[in-house]
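Student: Based on what follows, work out the 3D shape:
(2 chains)
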Amino acid sequence: MSKASIEVPRFAVVGRVNKGKSSVIASFIENDAVKISPWPGTTTECVRYDVEVDERVLFSVIDTPGFEDAPRALHWIKQREATAADRAQRVREFVDAFEGTDEFVEERRLLRPILEGAAILYVVNGDEPYRKNYETEMEILRYTGEPAMALINRSGSEAYIESWQRALNQYFKLVMLFDAHAVTWDKRRRLLEAFATLHPSWEGPIREAVVALRAQEARRHYQVANIIADMLVDALTLHLTAGLPDERALPHEKPRLERQFHDELRSIERRAHQKIATVYLHRLDGWSPEADIELESRDDLFAKETWDVMGLSPRALLTLTVVTGAAAGGAIDAAVGFASALTGTLIGGLSGLGVGVYELTRRYARASQIAEQAKSMMKPSEHGYRIRVGPHPSLNFPFVLLARALSHFDRVRAWAHARQELPPPTATGPKILDQVDVDTRKRFTKTFSTIRKKYRDVPREARSELRETVHRIVVEHTQPRERDVGEGPHAT
Amino acid sequence: MTISERDAEQGRFGLAELIDFELQLASDRARPYQELLERDRQIALRWRAQPKTPQQMVAHWVAALRRDEGAPTAGEKVARAHGLANLLVFLSFALIGVGVALAVLQFTGDHPINVLVVLGVFVVLQLINLLVTVAAFLWSRFSPGFLQQFPIVAVLRRLIARLVGPDHAGRFWARRSLYGGVERWIWFRTMQLGALAFNIGAIVTFMAAVSFTDLAFAWSTTLRVEAQSLERFCAALALPWRGWLPEAVPSLELIDATQYFRFDAAYVRAPPGMRVRDAAVAGGWWPFLLMCLLVYGLLPRLLLVMWASWGAMRSLRRLPLDTPEEAEVIARLTTPWVHNVHGEDPGSVAPLGRGRAPLPQPAPLGNDQEAIVVRWRDAEIDPDRFVERVRQRLGAAVEAPIADAGGRDHVEEQALLARLEASQQQPMLVVVEPWNAPDRGFERFVRYVRQRSHRQRKIYVLLTEGGDAQQHAVWAGYLAELADPYIAMGEA
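Tutor: A predicted model of the protein is given here:
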């Protein structure tokens, strides 16, 4: 294949065995099918991954086996080298010379796509010290004459980065830092944009790929918002009823129904979290936030710790209830031309405070008897008693769900495909809903209240408004994070 | 209401499309997200022209999915069922109209037809019915399903459920469905269509009776109603046409002459010679009655049918499509589908060394032995400290100089091989850094050593400090795979 005929940018990811080439690819193109293992020799053949946008290949990434005997290969090439102009030809001869033998198998395999026009993406492990023998690999790559950049794959230690950068800068046009285990969309985009600098004619396709990735990310945010909005509606409208033969069954059935109700809420949340992972092409089958954890402990939806950390802070909750109560009272004051000397506002505010204090302590929904409820649409039961639990009455409950969903969303976004498991939650920091302004909180409260009241048939308008508000929160939530993260890739 | 596939392709959204859309959403809930993404984007890519509105987009989407099904879809069945229901209602009510008209206009020649009965049945009762149905329809806006209280709607719904199956019907009749908002218009239209047919039947019968029989009309009531009052009432009724059709307004003379007790005396009990003149007077009511039927029976129903048809069409065209699930389809159709395609990766991720004998620890070499030390891939050691440790742990001395292999200079490695060839059985200590995973280069080096020197030469692979358990396990597994009984592994 002549170089002129190559229109699709191609990148051969090369480097030493077990330095994270496959991890970089898996994270970069979001593909769990890339085989990653700590055992050497996992990648034995070149595997090409075509990144397609709407069935059109925009660029390809080629996973290659690692260099295994570079010093000897370089020795062979150097022995035959005449001038710098001959070097690429010598590398070609090297590949051809050992064809059909079991010598330099990996080197031949990884050099072939480069000789066919693929740009070089040289991956080193920045957590390990630099050693001069790497120069043999870099030398061979330089001999090919193809555009090349280096990626320092590092996950923690900064100790060796400088020495790597100093060495790599001598061989590569561009050197970047990259953490294959913590790749966000923004980091992928920046890496992709860096690729465009390697070859002027690749700028178009790469720009197109960036635009497609941006649209994809926006759709993902949109979809996550939809999932969260649906979860909130499902959770806020959940109600269970049970018919009891007589009053004696009440002490037993009531806690059972309450338990079932809260389990169902956990299940609604778990399903939503699993769906959020699916948006980012991860699978969380069988996963649950409460896995192997006793109920009422740290990670449970209804644990006190959860409500302390997630949802509205006590201050925000009290502010919300006091402001709402005072506004209602103020409306009465206004109706009487303020002849009441703001008594309505005062009483409303105090009532709101009382409600807020009560809300702070209410994490569980309780079952109540509904046989005599005139408003109940239930058909008369043949049983003597009918009890119902739900919708969950707590003002803070949907906020807790929302905050937990956003926290889970953060984890999923930070979940690189090179990782086997969902990364742990970020340790500390401000409460996740602190960024939501008071107006939005009030709008949320109003929508939640409508949904709860009309739980039998939630108005479409309420669902639609909730979706839009959650989407805005999701988008706002992602923006500062991606600016903060901004660690890489960095050009050096 | 059913529309052709061509219409759907042009973006028209009918009842069949709406139902199929909702059923498709329901069945998509169980499908993997990636599958939906691929399917929907491929549908969008096949469009010849980009649809402009969400409704058009969804109509195209439904049409594309239908094309794959072949058999009539549930939506088409429901739309056909609605068409059939409309036809049945139309024919039934036309017959009822005929029957009622025949009953009301029954004239044997003995007694004239009471005009007030005709007006009562075809004007007053119809207007009451109209008000009731319109009020019920308006109320159904706030109470979904209210129209189902009407027996005709209940019966027709049962018919539809039987045609499409209760599962399907349950889905599109479910709460939150888009169909719920359109259905009330459809049933209202069916009801008005029945009323229209009733009036057509009645008018046709009336005209037939007027044309082919000799009808005589009179008026009588037990109430004390003067001819002048009736004249005013009739004039009020005739208001819409009195200006342009004065013949269809009963005169006071006619009303006076056809009051039953006078009319009876003049007509029934009059000598036979007088009857003909009075009979002609008695027939003078028919234009007024016909106009009443047209204006107060047929015309309002015709207008209501048109309004209901417009309302149904409008509600179909203005479907909000803004709930999370619906918005999701639009997002999938409009966002590029980014994915990757790749060949088979033959690599193995299986751990090395399984089923092999565990690697022995380095045994003491004895004071009379001098070991050759090789630094693999520039492994860093403190020579003095290392020599001391070898002496302490293995009881051996180190032969100077410490050699290098796998490093930058291949010539150096060749010199080492020559030295090893000369020394034959002298133990060899290979110092490696645990993070530099073993590779073919290392394997080749060991093979050369075995080929060029004594096969029972002890080779101790000594790992430097650092590295994690996994890296140690990789070396142990790799060396175990070599199945060389004279290789041992320990710490440097």
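
Student: Now do the domain split for chain A, please.
Tutor: Here the domain parsing of chain A from automatic domain parsing is A:3-181, A:219-484.

Student: just wondering, since we're on the residue in the stretch 1-150 of chain B positioned nearest to chain A, how far is it from residue B:344?
Tutor: Nearest to chain A in the stretch 1-150 of chain B, going by C-beta to the nearest C-beta, is residue B:33, at a distance of 4.8 Å. The C-beta positions use only the backbone N, C-alpha and C, and glycine is treated the same way. Relative to residue B:344, residue B:33 is positioned 24 Å away (C-beta to C-beta, to the nearest Å).

Student: Report the separation between the nearest residue to residue A:238 once chain neighbours are set aside and chain B.
Tutor: Spatial nearest neighbour of residue A:238, excluding adjacent residues (C-beta to C-beta, 6 or more residues apart in numbering or on different chains): residue A:390 at 5.1 Å. Counting by C-beta to the nearest C-beta, to the nearest Å, the separation of residue A:390 from chain B is 16 Å.

Student: quick one: residue B:324 and chain A, what's the gap?
Tutor: On the measure of C-beta to the nearest C-beta, residue B:324 and chain A end up 3 Å apart.

Student: Verify the contact between that residue and residue A:232 for me.
Tutor: No. When contacts are counted by C-beta atoms under 8 Å, residue B:324 is not listed as touching residue A:232 (10.0 Å).

Student: ok, those two, which is more surrounded?
Tutor: For residue B:324 versus residue A:232, neighbours defined as other C-beta atoms under 10 Å in any protein chain shown are more numerous around residue A:232 (27 against 22).

Student: Show the contacting residues for the nearest residue to that one once chain neighbours are set aside.
Tutor: Of all residues not flanking residue A:232 in the chain, residue A:398 sits nearest, at 5.5 Å (C-beta to C-beta, 6+ apart). Neighbouring residues of residue A:398 by C-beta atoms under 8 Å, 6 or more residues apart in numbering or on different chains: A:232, A:235-236, A:444, A:448.

Student: what about residue A:398, which helix or strand?
Tutor: Element membership of residue A:398, judged by DSSP states H and E, is helix A:397-413.

Student: helix or strand right after that helix?
Tutor: helix A:438-453.

Student: other SSEs contacting that following helix?
Tutor: When contacts are defined as 3 or more C-beta pairs under 8 Å, 6 or more residues apart in numbering or on different chains; DSSP states H and E, helix A:438-453 sits against helix A:203-237, helix A:314-335, helix A:397-413, helix A:460-485.

Student: quick check: angle from it to helix A:314-335?
Tutor: Interaxial angle of helix A:438-453 relative to helix A:314-335 (axes from the mean of the first three to the mean of the last three C-alpha atoms, to 10 degrees): 80 degrees.

Student: Need the max-distance pair from the contacts of residue A:398.
Tutor: A:235 and A:444 (13.6 Å; C-beta to C-beta).

Student: quick one on the thing from earlier: the helix holding residue A:398 versus helix A:460-485: what angle between them?
Tutor: Comparing the axes of helix A:397-413 and helix A:460-485 via the same axes, to 10 degrees yields an angle of 40 degrees.

Student: Show me which residues of helix A:397-413 are buried.
Tutor: Of all the residues in helix A:397-413, those buried under the rule 16 or more other C-beta atoms under 10 Å in any protein chain shown are A:397-413.

Student: Now pLDDT too, for the contacts of residue A:398, in a markdown table please.
Tutor: A markdown table is the format used below for the contacts of residue A:398 (pLDDT from 0 to 100):
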| residue | pLDDT |
| --- | --- |
| A:232 | 93 |
| A:235 | 90 |
| A:236 | 90 |
| A:444 | 89 |
| A:448 | 90 |
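
Student: quick one: the strands in chain B?
Tutor: For chain B, the strands defined by DSSP state E occupy B:113-114, B:217-218, B:338-342, B:370-376, B:397-405, B:428-432, B:459-463, B:487-491.

Student: Can you name the residues in contact with the third one?
Tutor: Spelled out, that is strand B:338-342. Strand B:338-342 is contacted from outside by A:29-31, A:33, A:47-53, A:57, A:209, A:212-213, A:216, B:34, B:38, using C-beta under 8 Å, 6+ apart.

Student: Identify the residues contacting residue A:223.
Tutor: Applying C-beta under 8 Å, 6+ apart, the residues near residue A:223 are A:279, B:328, B:331.

Student: From the centre of the chain, point out the most distant residue.
Tutor: Reading this off chain A. Relative to the C-alpha centroid of chain A, counting by C-alpha atoms, centre = their mean, residue A:339 is the outermost residue, at 55.3 Å.

Student: nope, chain B please
Tutor: Quick read of chain B (C-alpha atoms, centre = their mean): farthest out is residue B:368, 84.5 Å.

Student: What sits closest to the residue most central in space within chain A if chain neighbours are left out?
Tutor: Centroid-nearest residue in chain A: residue A:413, 1.4 Å away (criterion: C-alpha atoms, centre = their mean). Excluding its sequence neighbours, the residue lying closest to residue A:413 (C-beta to C-beta, 6+ apart) is residue A:184, at 5.9 Å.

Student: quick one, what contacts the spatially closest residue to the residue of the stretch 1-150 of chain B closest to chain A that is not a sequence neighbour?
Tutor: Once flanking residues are discounted, residue B:33 sits nearest to residue A:278: 4.8 Å by C-beta to C-beta, 6+ apart. Residue A:278 makes contact with A:284, B:32-34, according to C-beta under 8 Å, 6+ apart.

Student: Then residue A:464?
Tutor: So residue A:464 contacts B:320, B:322-323 (C-beta under 8 Å, 6+ apart).

Student: Mind naming the longest helix for chain B?
Tutor: helix B:178-212 (DSSP state H).

Student: Could you check the angle that one makes with helix A:460-485?
Tutor: Helix B:178-212 and helix A:460-485 are oriented at 150 degrees to each other (the same axes, to 10 degrees).

Student: list the helices and strands helix B:178-212 packs on?
Tutor: Packed next to helix B:178-212, using 3+ C-beta pairs under 8 Å, 6+ apart, are helix B:15-28, helix B:74-104, helix B:125-140, helix B:151-164, helix B:286-292, helix B:299-317.

Student: Is it possible to get TSV of the ones you listed that adds mean pLDDT?
Tutor: Putting the helices and strands packed on helix B:178-212 into TSV (pLDDT from 0 to 100) gives the following:
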stretch	mean pLDDT
helix B:15-28	84
helix B:74-104	89
helix B:125-140	90
helix B:151-164	81
helix B:286-292	89
helix B:299-317	91
